[in-house]
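> below is the sequence, then the predicted model.
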Amino acid sequence: MFKLWFSIIFLISYMSQAQDANYSYTSINKEKLDQSLAALENFYINNPVRLGISVTHIEKNLTYSYRGNEKFKMASTVKLPIAIYALSLVEATKLNLNEVVEVKQDQLIPYSNINNYANWPKMDVTFLNLMDSMIATSDNTATDIILNKIGGIAAVKQYFTTQYNGISIDRNMTQLFLDYMGYDKVPDNSNLLKIKEEFYAVRPSADKDNFARKLAKDEKDTTTPEAMNKIITDFYNKKFFGDKTVKFLLHLMSKAKGNMLPGFLTKDQAQIFNKPGMFSHEGKEYYFTISSDVGIITLPNGNHLSIAIYADTEERIGKDEMRSLIALASKTLYDYFYFTF
């Protein structure tokens, strides 16, 4: 906690002196921003953390990156590109948001709110409900049902990797969980919820650590901050679909509970439209955490920031501290861009 508050005091003091408010700037002072973000990383010097950031001032068309070309696990931020692709099909009238989709009990995936709101063995929901659940609550079951309707993860991968360097979209939520738990497929007469119970109750600690290490170190489902930021900027600039659909997705993102700025700013100071992500393995011998947040920030002066922030570590740093790191980094960028441009 001391580290956190010392970080806040330091950064507020540092950034308040970063620029002369009476001068009109037309470029980004990369050196000063690099120093501020490196200072954040250095507070964890005994437990190394890696930050990756890309942010664009949309109206000024100015972009800043910190480790912007390094690859990070996307975690649940991948659900934003999935939503963009799905809505591009809606815009092209190839998909209907009001279509009713059947959800079966054997499709359920851990960490999904939708699992708690049904009279099984099946339930009916609209595609709109699924989209809302995927973005607002990061629902894994909803995500895979959406993917089943839009051509699978391969269709999303092709759509983005042919347009953007630095992003690799490879596994649906089911396959991610199978890889994490060391299964090739879901066994007959079982489902991921049962597998999860077995994984935590029966699997040896060494196996759990080995599976997690393998998942953390492969290059599947990774992005550079610059690639994700470019996708978000293009989304906001209506590259994928029109204004009505952009506003619809922003509305879904406004309901997401995440890591970015709410702990530091009121709604009067900024509007937040984001999609957070978090994955953590707290093993006996191996530890890995990825914390991330991507989206759009509307500044009080009406300008907009497109932002992608990732942080990862293989040390025993708590999830709350990683969330605080994301919040501090984004607050640093908010202060710089709002008070400078």
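Nice, I can see it. Residues are numbered from 1 along each chain as shown.
> where in this structure is pLDDT low?
Within the chain, the stretches with pLDDT under 70 are 1-25, 44-47, 118-120, 258-268.
> all strands of it, in order?
Assigned by DSSP state E, the chain shows strands spanning 50-57, 62-66, 72-73, 100-104, 122-126, 167-168, 222-223, 271-282, 287-298, 304-313.
> just say which of the ones you listed is most tucked in.
Of the strands of the chain, the one with the most neighbours on average (mean count of other C-beta atoms under 10 Å) is strand 304-313, at a mean of 26. No exception for glycine: its C-beta is placed from N, CA and C like everyone else's.
> so what strands line up beside that strand?
Note on strand 304-313: by DSSP bridges, its sheet partners are strand 50-57 (antiparallel), strand 287-298 (antiparallel).
> including distance to residue 133, could these go into CSV?
Listed next are the strands paired with strand 304-313 as CSV, based on distance: least, C-beta to C-beta, whole Å:
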stretch, distance to residue 133
strand 50-57, 28
strand 287-298, 18
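> hmm, back to that, and residue 30, which of the strands of the chain is closest to it?
strand 62-66 (6.4 Å; C-beta to C-beta).
> who does the closest one touch, helix- and strand-wise?
Using 3 or more C-beta pairs under 8 Å, 6 or more residues apart in numbering; DSSP states H and E, the elements in contact with strand 62-66 are helix 30-42, strand 50-57, helix 225-236.
> dump those into CSV; add distance to residue 143 as well.
Converted to CSV, those look like this (distance: least, C-beta to C-beta, whole Å):
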stretch, distance to residue 143
helix 30-42, 31
strand 50-57, 23
helix 225-236, 17
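> between those, which one is closest to residue 328.
Of those, nearest to residue 328 by C-beta to C-beta is helix 30-42, at 5.9 Å.
> circling back to that earlier point, for residue 158, find the nearest of the strands of the chain.
That would be strand 167-168 among those, by C-beta to C-beta, at 11.7 Å.
> quick one, helices of the chain?
In the chain, the helices defined using DSSP state H lie at 2-16, 30-42, 79-91, 127-136, 140-149, 152-161, 173-181, 192-202, 205-217, 225-236, 243-254, 319-340.
> can you list those helices in a markdown table and add distance to residue 104?
Shown next, in a markdown table, are the helices of the chain (distance: least, C-beta to C-beta, whole Å):
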| stretch | distance to residue 104 |
| --- | --- |
| helix 2-16 | 44 |
| helix 30-42 | 45 |
| helix 79-91 | 20 |
| helix 127-136 | 14 |
| helix 140-149 | 9 |
| helix 152-161 | 17 |
| helix 173-181 | 13 |
| helix 192-202 | 13 |
| helix 205-217 | 27 |
| helix 225-236 | 32 |
| helix 243-254 | 24 |
| helix 319-340 | 32 |
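> now the ones you listed in TSV, with mean neighbour count?
Shown next, in TSV, are the helices of the chain (neighbours: other C-beta atoms under 10 Å):
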stretch	mean neighbour count
helix 2-16	13
helix 30-42	15
helix 79-91	22
helix 127-136	22
helix 140-149	23
helix 152-161	17
helix 173-181	20
helix 192-202	14
helix 205-217	16
helix 225-236	24
helix 243-254	16
helix 319-340	21
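> check contacts around residue 329.
Residue 329 makes contact with 37, 40, 51, 53, 309, 311, according to C-beta atoms under 8 Å, 6 or more residues apart in numbering.
> how about the first one, nearest residue that isn't a chain neighbour?
The one in question is residue 37. residue 66 (4.9 Å; C-beta to C-beta, 6 or more residues apart in numbering).
> isn't residue 305 up against residue 54?
No: judged on C-beta atoms under 8 Å, residue 305 makes no contact with residue 54 at a distance of 10.7 Å.
> rewinding a little: which one of the helices and strands packed on strand 62-66 lies nearest to residue 78?
The nearest among these, by C-beta to C-beta, is helix 225-236 at 9.2 Å.
> enumerate every residue touching the residue nearest the centre of the chain.
Centroid-nearest residue in the chain, with C-alpha atoms, centre = their mean: residue 77, separated by 2.6 Å. Shown in contact with residue 77 (C-beta under 8 Å, 6+ apart): 223, 228, 275, 276, 277, 292, 293, 294, 308, 310.
> now with 6 Å, please.
275, 277, 292, 294 (C-beta atoms under 6 Å, 6 or more residues apart in numbering).
> do you know how far it is from residue 114?
20 Å (C-beta to C-beta, to the nearest Å).
> how about residue 307?
28 Å.
> just residue 247 next, same as before
Residue 247 is 25 Å from residue 114, by C-beta to C-beta.
> next one: residue 228
As judged by C-beta to C-beta, residue 228 and residue 114 stand 26 Å apart.
> rewinding a little: so what pairs up with the residue nearest to residue 37 in the strands?
residue 53.
> wait, doesn't it sit right on residue 54?
No: contact criterion C-beta atoms under 6 Å: residue 66 and residue 54 do not qualify, at 7.9 Å.
> okay, and the common contacts of those two?
In contact with both residue 66 and residue 54: no residue, using C-beta under 6 Å, 6+ apart.
> pull the number of nearby residues for the closest residue to residue 157 other than its chain neighbours.
Nearest in space to residue 157, with sequence neighbours left out and distances taken as C-beta to C-beta, 6+ apart, is residue 169 at 4.3 Å. Residue 169 sits with 23 neighbouring residues when counted by other C-beta atoms under 10 Å.
> many thanks, we can stop here.
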